[in-house]
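A.B. asks: Fold the following, please.
(chains A and B)
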Number of protein chains: 2
Amino acid sequence: MSSKSTPLPLSRDSVVAAHKVVEGQIHRTPVLTSSSLSALLPSKNTLYFKAENLQKGGAFKFRGASYNLSCLAPEELAKGVCTHSSGNHAGALALAAKLRGVPCYVVMPNNSAQPKIDAVRAYGATITFCEPNAPARAATLASVQAQTGATFIPPYDAVNTILGQGTALLELIDQAPEPLAAVIAPVGGGGLLAGTALAADGTGIRVFGAEPVGADDCARGLEEGKRRENVDAQTIADGLRTPVGVLNFPIIQEKVEKVITVTDEEIIEAMRLMWERLKIVVEPSGAASFAAIRSPKFQELGIEGPVGIIISGGNTDLSKPLPWVRADH
Amino acid sequence: MSSKSTPLPLSRDSVVAAHKVVEGQIHRTPVLTSSSLSALLPSKNTLYFKAENLQKGGAFKFRGASYNLSCLAPEELAKGVCTHSSGNHAGALALAAKLRGVPCYVVMPNNSAQPKIDAVRAYGATITFCEPNAPARAATLASVQAQTGATFIPPYDAVNTILGQGTALLELIDQAPEPLAAVIAPVGGGGLLAGTALAADGTGIRVFGAEPVGADDCARGLEEGKRRENVDAQTIADGLRTPVGVLNFPIIQEKVEKVITVTDEEIIEAMRLMWERLKIVVEPSGAASFAAIRSPKFQELGIEGPVGIIISGGNTDLSKPLPWVRADH
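C.D. replies: Sure thing, here's the model as predicted:
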């Protein structure tokens, strides 16, 4: 456990305090606009894209990782940090640890994508591979912790992770030249969406989530009034395949108006438009929010005014064909 | 001709004055950094990338187009503007004209790429196609001018175009947290490079150009002490295929220390690294500068300290396979 933890319930003030701690460590990522993307929407909302794909490590995850490290005591930092992840959290934690000169140990499934393995390794972390299932992962992580004394930094289901991720919206509110009517963020484990909801609390900004149809445990859990513990994830959005966390779900339940589900086809089309018009590299998970804004499920809400969109990340394998380019081109 | 023109010789003050006119019309594009890209350089220079691919219309060309329009008298604006271009200048002028509600006429070769035709059309310009050669282009433009009375806005060989393009470096100097030792910009017609050199004048910033080996008329002209009027362009960098302009060449000759040539292979590798690490979509022309910084020709100069890199644009055909992805993947 971290040596410093914010008491529950979490509030907007907790996110503001976290931002004061990490703002010198993170990129204040730019906010992008595109009149041509706004023009595509029936509702014509001005869109403010918070480009967390341009964050250090290529994703918002660096915020939570940095804040977690900032909350550790010197004797904890000396022993290092560890986590399990096959994705952006591993890279973010490895980079944040490297920048502080702190050891980092990552447990990755042995079927992880080579570019993700390469990224974690390039940041100097020690990787331990495990069989690709939850019990093997937990056992391997426990073994790494026992050997090293490293502190476990959870990818989403932890107070400091949630608070760190929420800082992106604080910046967006400050950077946008006009008040936002709504904001939308993707939901996998729910660190970003819960943090965003906390950061919006009391501002009048309506908060929405975006989730792939093929990993819709959060949307279903909200309908059923109970968190789903598992998800049989079938989606291109690899960052959103995890079930929503125990700490994250009740925050989302209380503060998020609706989680909008989108198909992989909608995600790929949104991704193509963002690459083409915003000129940025966005991973499928990072395009889910714009896909949701374009869908009738959002459009029928009749929201007027500016909408903030958190682009979660840009870590995609550029050695493979783009998902919208036919192989037989 | 434009109704308002800056007297020669051009100076840094002329660029500062142009920036005051256009700064409300253009995006102040973000400046990006990447410690991993700096780490790849033997010289380890901190790099500040001025992301003009995130400019309106996807390229720095919107600066020159906007400044040209700002210099026209109301009676000229009413008749509209025209140009010949198969690339970013056409799109930029069409967009700048659209935003002012001014007619725009573009002469394009009948073998232009469909996405560029679509972009110009989407911005509401009237396109006239011509045979893909210089005499046909000139005759068609003359005919369009005769019919419409529109003012010709040259893509690079004009005072107001050069001054507009130079405004990118003014912003970069202001945005970078430390003084730049050097700056590099690509050279095709030389609007951006001449403008950049003017903007650097008297600041102590050393100015370099980047040019494809397959369109190296500027580098050769500098060696020979005389502008080459033609170029047999063979390069992937479609924005850099034009010979350097009459007005542009002497400014570059006087104020640019060296034009560094790079192969298409070096451009493609630089492009891949920029997409992968900066998470932005950069066209081949926009990657030429980073390719030049990586080349031994720059590295052997022994320049220490921060280097500014102007990323010219991001308009690339995303329906085609990425140039570094083998077709047989």
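
A.B. asks: need the residues of the stretch 201-329 of chain A near chain B, please.
C.D. replies: Within reach of chain B by CB under 8 Å from any CB of the partner chain, the stretch 201-329 of chain A has these residues: A:272, A:275-276, A:278-282, A:314-315, A:318-322, A:324-325, A:329. From N, CA and C alone the C-beta is placed, and that goes for glycine too.

A.B. asks: Quick one: find the helix or strand in chain A with the lowest mean pLDDT.
C.D. replies: helix A:114-122 (a mean of 87; mean pLDDT, DSSP states H and E).

A.B. asks: mind listing what's buried in it?
C.D. replies: Residues of helix A:114-122 classed as buried: A:115, A:116, A:117, A:119, A:120 (neighbour count, 16 or more other CB atoms under 10 Å in any protein chain shown).

A.B. asks: Any chance of those residues in CSV with distance to chain B as columns?
C.D. replies: Formatted as CSV, those follow (distance: CB to the nearest CB, whole Å):
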residue, distance to chain B
A:115, 9
A:116, 13
A:117, 15
A:119, 10
A:120, 13
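
A.B. asks: I'd assumed residue A:117 was in contact with residue A:87.
C.D. replies: No: contact criterion CB atoms under 8 Å: residue A:87 and residue A:117 do not qualify, at 11.0 Å.

A.B. asks: The helix ranked longest in chain A - what's its average pLDDT?
C.D. replies: Secondary structure of chain A read by DSSP state H shows that its longest helix is helix A:159-175. The pLDDT scores in helix A:159-175 average 98.

A.B. asks: Repeat that for stretch A:248-265.
C.D. replies: Rounded mean pLDDT across stretch A:248-265 is 98.

A.B. asks: In that stretch, which residues are buried?
C.D. replies: Here stretch A:248-265 shows A:248, A:249, A:251, A:252, A:253, A:256, A:258, A:259, A:260, A:261, A:262, A:264 as buried, counting by 16+ other CB under 10 Å.

A.B. asks: Apart from its chain neighbours, what residue comes closest to the third one?
C.D. replies: In other words, residue A:251. Once flanking residues are discounted, residue A:251 sits nearest to residue A:194: 4.1 Å by CB to CB, 6 or more residues apart in numbering or on different chains.

A.B. asks: re earlier: the longest helix of chain A - contacts with which helices or strands?
C.D. replies: helix A:12-22, strand A:47-51, helix A:61-70, strand A:182-186, helix A:191-200, strand A:307-311 (3 or more CB pairs under 8 Å, 6 or more residues apart in numbering or on different chains; DSSP states H and E).

A.B. asks: in which helix or strand would I find the residue lying closest to residue A:247 once chain neighbours are set aside?
C.D. replies: Distances taken as CB to CB, 6+ apart place residue A:157 nearest to residue A:247, at 5.4 Å, with adjacent residues excluded. Counting by DSSP states H and E, no helix or strand carries residue A:157.

A.B. asks: can you tell me which residues contact residue A:157?
C.D. replies: Residues counted as contacts of residue A:157 (CB atoms under 8 Å, 6 or more residues apart in numbering or on different chains) are A:189, A:190, A:191, A:245, A:246, A:247, A:248.

A.B. asks: Show the low-confidence segments of the stretch 1-150 of chain A, by residue range.
C.D. replies: A:1-3 (pLDDT under 70).

A.B. asks: and residue A:94, how far is that from chain B?
C.D. replies: 12 Å (CB to the nearest CB, to the nearest Å).

A.B. asks: Can you report how many residues lie near that residue?
C.D. replies: 27 (other CB atoms under 10 Å in any protein chain shown).

A.B. asks: Residue A:125 is in contact with that one, correct?
C.D. replies: Yes: counting by CB under 8 Å, residue A:94 touches residue A:125, with 3.7 Å between them.
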